[in-house]
Structures are given as C-alpha cells and as structure tokens.
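> Build me a model from this:
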Amino acid sequence: MISNLVGTRIRAIRGQRKKTQQQLADLAGIPRATLASVERDDANPSLAVVFKIATALGMTIDDLVESEQRRIQHVSREAMRRSSSGDGAYQAVTVSPPGAFHFSQLTFRLSGQGTYPGVPHPPGSEEYLHVLEGEVELEVAGEHLLVRKGESAAFQGNVRHSYRNPGVQESWAVVTILEGVGKDNFE
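Predicted coordinates for the structure are as follows:
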C-alpha cells in the first residue's frame, strides 16, 4: 500500500518546507482533502496522485518511498561474496550490494601467469573491465586485447571470454557486469 510508505514522509517534508496542506494541494493540483487523507494514511492513493505530490515537492516517487536511512546501502566485508578458481590463481570479491538487479561489480586478483575463463552472461549483457594494478590480457570470442594499469575495456558479456595475467606480478582489476540490459552496443 503506497499510502503507508509515503504519508508520513509527505507530511514531514511539507512541514520542513513550511507549506500548508492547501498550498501543497494547490501545487499538486489535487483537493486538500485528498492530500489530508494521504498524509493520515487513511487512503490508498493512485500512482497518479503520488506522482502529482512528488512533482509538487520537486521530488521523484522513489524519493518519497525511500526513507532517509535507506539512501546509502552499506555492505559489510562479511556480506561480500567471495569466489576463486580451483588453482587459486583468480580470487574475486563481489562488491555490489547483494540482490542488485541485473548488476554486479567485482574486484579480482589474478596471480602472475594466471588465467580465468569468464562465464558468459545472458544475451544483451555488457561487461566492463578496469585494471587497477598490472595488466590483464582480455580474450573475447577469439579477439585479444592487453589492458594495462589505468585502462578499461568494454565488451559483450554474453560471449566466451577470459582474463589472463601475462606478467609475473599479480594484477588487480574491477569488473562491472550489466546483465541483459538491451541490444548489444558492440556490433
């Protein structure tokens, strides 16, 4: 029920901005009685009404639904998923929030001369590699590219790909994966 999520927030924001119910209702183009029932959580307002109120406040619906405490999501070290290759040459930590929809970000370490075969993602996926230390040879569907410290590469994530450290020192990198975001941009 939208009203339970936004009524208190609308009333608080209206108070902070020193607006009366009538002033906000006029700005939103809705009856004052409608605004009053939304603020009291006596009504289940339509999305159109919530949109009008949010717009009148110069906000988005998301701004109204999210509480101030949830604007920053903290991920503790213990909550970060860890993975590694069987030989230990590749070790990764997923740094994106658990449950992020169609998005993941990992930092990884690749030992000297180590190789890791990437996992193809759903069609329309995009993958971005940024090398923090050392260098990584990226292989995507038979094409090879050496990516050095401070450089980035982008590619279709739904094809076979792998990472190889051609050097003797370990390499560090960040990979961002957007799964199934739309038409491939790399054709």
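
> And the helices in the protein?
Ranges of helices in the chain, per DSSP state H, are 2-16, 21-28, 32-39, 47-56, 61-65.

> Compute the inter-axis angle for the longest one and helix 47-56.
By that I understand helix 2-16. Calculated by axes from the mean of the first three to the mean of the last three C-alpha atoms, to 10 degrees, helix 2-16 forms an angle of 20 degrees with helix 47-56.

> please begin residue numbering at 687 from this point
Okay, using 687 as the starting number, the last item reads as helix 688-702.

> Now do helix 688-702: which elements does it pack against?
Here helix 688-702 touches helix 707-714, helix 718-725, helix 733-742, helix 747-751, going by 3 or more C-beta pairs under 8 Å, 6 or more residues apart in numbering; DSSP states H and E. Every residue, glycine included, has its C-beta placed from N, CA and C.

> and V854, what does it touch?
V854 is in contact with 798-799, counting by C-beta atoms under 8 Å, 6 or more residues apart in numbering.

> returning to that earlier point: indicate which one of the helices and strands packed on helix 688-702 is closest to V779.
Closest approach to V779 among the helices and strands packed on helix 688-702 (C-beta to C-beta): helix 747-751, 28.5 Å.

> Fine, thanks again, bye for now.
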